[in-house]
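Visitor: my questions are about this predicted structure, shown below with the sequence.
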Amino acid sequence: MSVDTSSMTVTAVRNRPRRRSYDAQTREWIAAYLFILPDTLGLLVFVGLPMLFALIIGVFDVNGFGSFAFVGLANYRRMAADPLFWHCLRVTAIYVVLLVPSLYVTGLGLALLVQRTNRFNAVMRSMFFAPQMVSLVVIAVIWQFLSADKIGLFARIFSFFGIGGVSLLGNPSLALITTVFVTVWFLMGFYMMIFLGGLQDIPRQYYEAATIDGASPRQQFWHITMPLLRPTSFFVLLVSLVAAVAGSQAFDLIYVMTRGGPANATSVMITYIYQQAFQYSAFGYAAAMSSILVVVLMLLTGVLFFMTRGGRFDYE
Amino acid sequence: MTKFDRPAGSPRSSLLMPTRRSLLAGGAVLAGSAVLSAPYVSRAYAAETLKFWQFYAPGGEVKPQVDWFTAMVDSWNAQNETKVELVYVPNSEYMSGSKLSTAFASGQGPDIFVISPGDFLRYYNGGVLLDLTPFITPEAQADFPEGVIASRKVDGKIYGVPMELEPMAFYYSKKAFEDAKLGESDIPKTWDELLEVAKKLTTGDRYGVLFETGPGYYQNFTWYPFMWQGGGEFQGADGKSAFNSPGVVQALKLWQDAINSGAAPRQLLGGGGGDIAANLGSGYCAMQNVGIWGISAMDNNAKDVPYGIFKLPVPAGGKYVTVGGGWAFVANAKGANTEMSGKFVAWALASMDKDSIQREVDWCTVAKSDMPTRTSALKLGGDAFQKGNLGIFSRDILPGTRGEPRLPPEVYKIISDAIQQTQLGGADPQATAAAASQQLDAFLATYKGAPML
């Protein structure tokens, strides 16, 4: 008996239950989640998992050569008794207190100076942003040379004014301030661009109305510009705070310019963590310190979010 | 209709007309097999090719050193099936970067690499240094003076073969001495004279004397002889800290006085205290504390600067001692082919073959300016080690050389902080030595690794 298989297949295909179709909103949700899926996976694999791993190895003695020994909270106890850990935490705090407001003020100041669109301002914007195009290591080497004792540019300027023997990177009381100065010089162009975006979002009519009402430029700045810049300010403060505490920018500069010296004066947490992990092979201890740094960072950003009610602003 | 056209509703052949699903499945299988087979392929390659990490070749800037390494590896590769490949890691990254550490942490450490005594215990205690003793004949083992190889041995076994001996000395600019109306008779022999002459040599744009100021292994290495000269030690015979002693305090004070007097800089040029061309060569200082490698550095990079060399001055009532550092070839005990790694290291630097001895002579006289680590090389080199500036090192500086100590990172850090706090932080040397000594005792009481030397 012969069977017509081709017609059976066609019938089977026709009788197959149709796929359930979702309504438009659900499809939109699915599409949205699919779009953010690669980013989410990337974050989980390259940020989430390493963080979890760091938390775990914080309770192990890891020598960096394949040896893992569970030590419980020994790394945390060592941290509590390590004077250098507390010293580095204090240096980091000073660094943050100096850096974050400086970046805010210089970024906003530069943005206000070059916010009008003309050729001169376009050139100035490019110049302020130019350091971002150069490697941090190159910048550190250049500043190291400029601030050299006796023969460096700054030493010669000081000497011209009768101030001799100034060592910007070799004197513990000046080295951290010099490092902050270089970091601000490097980053201010970047934050200027962010503030420029914020300033351009403020409708010009507000200023025109204020001018008609007789408001001075200072009044306009405090009563129009600053309130309407709150979301940008929040973003700048958050990003610069994270960068300062985590040392994402500080590390290269400090490592090349001072290696954490002189006398640990520029040894921020991230340089100490790096030193413990990669120079002393104390990966467990370094991971434990990193965990504490994350907690500090979460607390600080939490305070920032709390103060701004999660980054929401009155006028929104 | 061609034979490849599919009638509507007919089943598709997965080979001729792949569906999207079959394509994805096929791709996944291919990718999976590639990923799964990669380790086996790379392991097979690794077993055949030994990676040799160092900071000289093939990307180094000093041609004679690049040539020396390249010739050595070419010679080995011509005679052996298992090849050696040079992997260049820039000096700064090699010494204080993360490349070597992360490679070992991920189980991808090099088969062969170079280390200094300052890093020996970190790698030995980590269990990654191969015992090279079985690959070196007793005759060749005896060719290395005990003082030279001791810091690379544990329990009588050799874990590293030193390629050079680099004693520290002072270099001075003859022109700076002339400008200050000083002659050879003014070359300092004591610490007091050193500070006095340094002050005379200091001008508006030049420092009289230069010591390393950057924290790290190198600064410790350069400071040790000043500690030893006054009888100071970091550890006593009883295994406890000996850091709180007059010898240590006066060595800390010497470096502090040099800075406080304004005769020594806080910040150095170029690569720091070991970079003689950038400092003495550029006229930034008149006297610099540098090792024997300064000869070739000056001859190559500051040819027009006349210079002289003198041995380290001693404190009142002290005894002359200098420190001899130098790098060593080591093999990874967890490498893919430890047998051949060990053979290579022994063949390169620790064989009684004439080529091996000549290689050592060439490294010390052609590629660099160093003292040899082998008695036979010193003999074979003959006049090369007795003439000129190398001769000054052989005759005046080498006798009295003590090997660079090998210390675990924790000890090195305590000493480094003490030097930094006194030299640049202005801390009281006596109080700093006492505090550091307490920290050392706390660590030494719990230390379980190989003996410190």
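Guide: Okay, I see it. Numbering: from 1, shown residues only, chains lettered A, B, ... in the order given.
Visitor: count the residues that sit near residue 258.
Guide: Picked chain A for this. Using other CB atoms under 10 Å in any protein chain shown, residue A:258 has 26 other residues around it. Yep, even glycine has a C-beta here, placed from its N, CA and C like the rest.
Visitor: let me rephrase: I mean chain B.
Guide: Using other CB under 10 Å, residue B:258 has 24 other residues around it.
Visitor: I'd say it and residue B:265 touch.
Guide: No - counting by CB atoms under 8 Å, residue B:258 stays clear of residue B:265, with 9.5 Å between them.
Visitor: ok, the residue nearest to residue B:282 when sequence neighbours are not counted - contacts?
Guide: Sequence neighbours aside, residue B:269 is the residue nearest to residue B:282 in space, at 6.4 Å (criterion: CB to CB, 6 or more residues apart in numbering or on different chains). Neighbouring residues of residue B:269 by CB atoms under 8 Å, 6 or more residues apart in numbering or on different chains: A:145, A:148, B:275, B:278-279, B:282, B:284.
Visitor: 6 Å instead, please
Guide: B:278-279, B:284 (CB atoms under 6 Å, 6 or more residues apart in numbering or on different chains).
Visitor: tell me how far the residue of chain A found nearest chain B lies from residue A:149.
Guide: In chain A, the residue that lies nearest chain B is residue A:170 (2.4 Å; CB to the nearest CB). Between residue A:170 and residue A:149 the distance, using CB to CB, to the nearest Å, works out to 6 Å.
Visitor: which neighbours do these two share?
Guide: Common neighbours of residue A:170 and residue A:149 (CB under 6 Å, 6+ apart) are B:266-267.
Visitor: for chain B, which segments count as strands?
Guide: Using DSSP state E, the strands of chain B run over residues B:49-54, B:83-88, B:112-115, B:153-154, B:157-158, B:161-162, B:166-173, B:207-210, B:285-291, B:307-310, B:322-325, B:328-331, B:401-403.
Visitor: for residue B:353, which non-adjacent residue is closest in space?
Guide: residue B:347 (7.9 Å).
Visitor: give me the number of residues near the one you found?
Guide: For residue B:347, the neighbour count with other CB under 10 Å is 21.
Visitor: contact residues of the stretch 201-316 of chain A facing chain B?
Guide: Within reach of chain B by CB under 6 Å from any CB of the partner chain, the stretch 201-316 of chain A has these residues: A:259, A:261-263, A:278, A:280-281.
Visitor: identify the farthest-apart pair in those.
Guide: Spatial extent of these (CB to CB) is set by the pair A:262 and A:281 at 25.0 Å.
Visitor: look at the two and report which has more neighbours.
Guide: residue A:262 (28 against 25).
Visitor: hang on, that one in a helix?
Guide: No - assessed with DSSP: H, G, I helix; E, B strand; the rest coil, residue A:262 is coil; it does not lie in a helix.
Visitor: which residue, other than its chain neighbours, is closest to it?
Guide: Here the residue nearest residue A:262, using CB to CB, 6+ apart, is residue B:424, at 3.7 Å.
Visitor: per-domain residue ranges of chain B.
Guide: Following automatic domain parsing, chain B resolves into domains at B:49-165+B:326-403, B:167-323+B:407-444.
Visitor: make a markdown table from the ones you listed and add mean pLDDT to it.
Guide: Compiled in a markdown table, the domains of chain B are given as follows (pLDDT from 0 to 100):
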| stretch | mean pLDDT |
| --- | --- |
| domain B:49-165+B:326-403 | 94 |
| domain B:167-323+B:407-444 | 95 |
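Visitor: so residue B:136 touches residue B:347, yeah?
Guide: No - Residue B:136 is beyond contact range of residue B:347, at 9.9 Å (criterion: CB atoms under 6 Å).
Visitor: ignoring the adjacent residues along the chain, who's closest to residue 301?
Guide: If you meant another chain, say so; for now it's chain A. residue A:238 is the one closest to residue A:301 (CB to CB, 6+ apart), at 6.4 Å.
Visitor: my question was about chain B
Guide: Closest residue in space to residue B:301, ignoring its immediate chain neighbours: residue B:277 at 3.7 Å, by CB to CB, 6+ apart.
Visitor: likewise residue A:255?
Guide: residue A:271 (6.4 Å).
Visitor: hang on, that neighbour is in a helix, isn't it?
Guide: Yes - judged by three-state DSSP, residue A:271 forms part of a helix.
Visitor: within range of chain A, give me the residues from the stretch 1-150 of chain B.
Guide: Applying CB under 6 Å from any CB, we find that the stretch 1-150 of chain B lies next to chain A at B:9, B:98, B:101, B:104-105, B:122, B:126-128.
Visitor: out of the residues you listed, which is nearest to chain A?
Guide: After measuring the residues of the stretch 1-150 of chain B next to chain A against chain A - CB to the nearest CB - the closest member comes out as residue B:126, at 3.3 Å.
Visitor: return the residues in contact with that closest one.
Guide: Residues near residue B:126 by CB under 6 Å, 6+ apart: A:63, A:65.
Visitor: next, give phi and psi for it.
Guide: Residue B:126 adopts backbone torsions of phi -80, psi -10, taken as degrees, to the nearest 10.
Visitor: what's the distance between it and residue B:70?
Guide: Counting by CB to CB, the separation of residue B:126 from residue B:70 is 30 Å.
Visitor: nearest to the spatial middle of chain A, which residue is it?
Guide: By CA atoms, centre = their mean, chain A has its centre lying nearest to residue A:243, at 2.8 Å.
Visitor: for chain B, same thing?
Guide: Most central in chain B (CA atoms, centre = their mean) works out to residue B:116, at 4.0 Å.
Visitor: how about that one, phi and psi?
Guide: phi -100, psi 160.
Visitor: picking that back up, neighbours of the residue of chain A closest to chain B, how many?
Guide: Residue A:170: 25 neighbours (other CB under 10 Å).
Visitor: who's in contact with residue B:401?
Guide: Per CB under 6 Å, 6+ apart, neighbours of residue B:401: B:167, B:322, B:324.
Visitor: so it bridges to which residues?
Guide: Counting by DSSP bridges, residue B:401 forms beta bridges with residue B:322.
Visitor: look up how far residue B:255 lies from it.
Guide: For residue B:401, the distance to residue B:255 - CB to CB - is 21 Å.
Visitor: contact partners for the residue nearest to the centre of chain B?
Guide: residue B:327.
Visitor: apply 8 Å and report the result again.
Guide: Counted by CB under 8 Å, 6+ apart, residue B:116 has contacts B:217, B:325-328, B:404.
Visitor: and if you look at residue A:182?
Guide: Per CB under 8 Å, 6+ apart, neighbours of residue A:182: A:139-140, A:143, A:253, A:257.
Visitor: same thing but at 10 Å, please
Guide: Residues counted as contacts of residue A:182 (CB atoms under 10 Å, 6 or more residues apart in numbering or on different chains) are A:131, A:136, A:139-140, A:142-144, A:146-147, A:168-169, A:250, A:253-254, A:257.
Visitor: which element is it on?
Guide: Assigned by DSSP states H and E, residue A:182 belongs to helix A:172-200.
Visitor: gap between whatever helix or strand comes next after that helix and the chain center?
Guide: Next helix or strand after helix A:172-200 toward the C-terminus (DSSP H and E): helix A:204-212. Here the centre of helix A:204-212 is set off from its chain's centre by 35 Å, with CA atoms, centre = their mean, to the nearest Å.
Visitor: from the stretch 151-300 of chain B, which residue is nearest to chain A?
Guide: Closest to chain A within the stretch 151-300 of chain B is residue B:266: 2.4 Å, counting by CB to the nearest CB.
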